[in-house]
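A.B. asks: Any chance you could fold what I've pasted below:
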Amino acid sequence: MLKKYRPNVAAIILSPKYPEKVEILIAKRTDIDAWQFPQGGIDEGESPREALLRELKEEIGTDEVEIISEMPEWLKYDFPKKIAEKMYPFDGQTQKYFLVRLKPSAKINLNTEVPEFKEYKFVSLNDVFKYVKSFKRPVYKTVIDYFKKQGYL
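C.D. replies: Numbering: from 1, shown residues only. All right, here's what the predicted structure looks like:
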């Protein structure tokens, strides 16, 4: 059976202190005990960049970012069984990753219309995986390694 993947965008968000200091935003979900990067589905007729800005506004209350780079490949992952049931008819996601920097004027507000996150923090590159424990880990490692090789992280 052919698997069906939901088109999605995700962001590695750097603090306004970048490039002097590399701090990455991670956020704790409201529905499960998990930390992750902000991400979300791409709507019909929307470009990945448009989806990125919309999702950031919906999830962290601001789209005031500067896009530094984007990963050329789309990365796929499968949902764990429980999540797959909730996300039917999708078996997983195919994601376009962006590396962005918050503008100094950006104000993060998690109290959005439909809050997805209850907490956020900026962590060092080395600490990302102390928090991110989920099935997304392999994809996160691939993305971080890519941006490191490109000289951004």
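
A.B. asks: Contacts for the lowest-mean-pLDDT helix or strand in the chain next, please.
C.D. replies: Of all helical and strand segments in the chain, the minimum by mean pLDDT, DSSP states H and E falls on helix 81-86, at a mean of 90. With contacts defined as CB atoms under 8 Å, 6 or more residues apart in numbering, helix 81-86 is touched by 78, 90-92. C-betas here are computed from N, CA, C, even on glycine.

A.B. asks: out of these, what pair is the most spread apart?
C.D. replies: Farthest apart among the contacts of helix 81-86 by CB to CB are Asp78 and Phe90. That separation is 9.7 Å.

A.B. asks: Please identify which of these two sits among more neighbours.
C.D. replies: Between Asp78 and Phe90, Phe90 has the larger neighbour count (other CB atoms under 10 Å), namely 19 against 14.

A.B. asks: measure the nearest residue to that one once chain neighbours are set aside to Leu56 for me?
C.D. replies: Distance criterion CB to CB, 6 or more residues apart in numbering; nearest residue to Phe90, sequence neighbours excluded, is Arg6 at 4.2 Å. As judged by CB to CB, to the nearest Å, Arg6 and Leu56 stand 18 Å apart.

A.B. asks: Who has more neighbours out of the two?
C.D. replies: Leu56 (25 against 16).
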